[in-house]
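>>> Okay, here's the prediction I keep looking at, along with the sequence it came from:
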Amino acid sequence: VTGAYTISSLMPNETVTLTITAETTSVEAYLNVVTLTDLDQTDTDTSNNQASASVTVSDDDCLTIYNQITPNNDGRNDFFKVTCIEDYTNNVLRIYNRWGIEVYHANNYQNDWDGTSNGRATINKSDKLPTGTYYYVLDLGDGSKARAGWLYIN
């Protein structure tokens, strides 16, 4: 984004601070550059007219795996949520019950699991899983170590 900010005038040795806040939307490196220009052309020292800052956002900063769902259709925590999962289109999510039986599997998971089993041992695939602790393994498909942990369905 490019923008112009105008400061009407400054007295000698007077300072003005311009603060710019940027929100990252994906896992990338960002470089923000600010260039100051004297429109009256009275500033003879142009060496102090530029500043830059860079920020690197790692997948650990962006990727958050929430470990509780309450799939009761109240609009809150109805789905197993992983922030920034859209950045990992080759991901594979597996959910296991406490006996190690896979109860859910998804390629390219998109935050849409509501606790309904699609595992091979499921008798009625339209029923939600019972309340309890389950275990997930999330392979991001990018060569990094798979994320694993517990998940509580209430």
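Sure thing, it's come through. Numbers count the residues shown, from 1 in each chain.
>>> can you pull out the strands in the protein?
Along the chain, counting by DSSP state E, strands occupy 29-35, 50-56, 64-65, 68-69, 82-83, 92-96, 102-107, 132-139, 147-153.
>>> just checking, what packs against the fourth one?
In this case it means strand 68-69. With contacts taken as 3 or more C-beta pairs under 8 Å, 6 or more residues apart in numbering; DSSP states H and E, strand 68-69 sits against strand 147-153. Glycine gets a C-beta too; all of them are placed from N, C-alpha and C.
>>> Between strand 102-107 and the strand it packs on, find me the angle.
120 degrees (axes from the mean of the first three to the mean of the last three C-alpha atoms, to 10 degrees).
>>> and the end-to-end length of stretch 117-136?
Using C-alpha to C-alpha, to the nearest Å, the end-to-end distance of stretch 117-136 comes to 13 Å.
>>> Quick one: mean pLDDT for that stretch?
The average pLDDT within stretch 117-136 is 83.
>>> Can you list the buried residues in that stretch?
Residues of stretch 117-136 classed as buried by neighbour count (16 or more other C-beta atoms under 10 Å): 117, 119, 122, 129, 134-136.
>>> quick one: that stretch to chain centroid distance?
27 Å (C-alpha atoms, centre = their mean, to the nearest Å).
>>> And for stretch 143-150?
For stretch 143-150, the separation from the chain centroid amounts to 16 Å (computed by C-alpha atoms, centre = their mean).
>>> before we move on, what about stretch 96-106?
How far stretch 96-106 lies from its chain's middle: 25 Å, per C-alpha atoms, centre = their mean.
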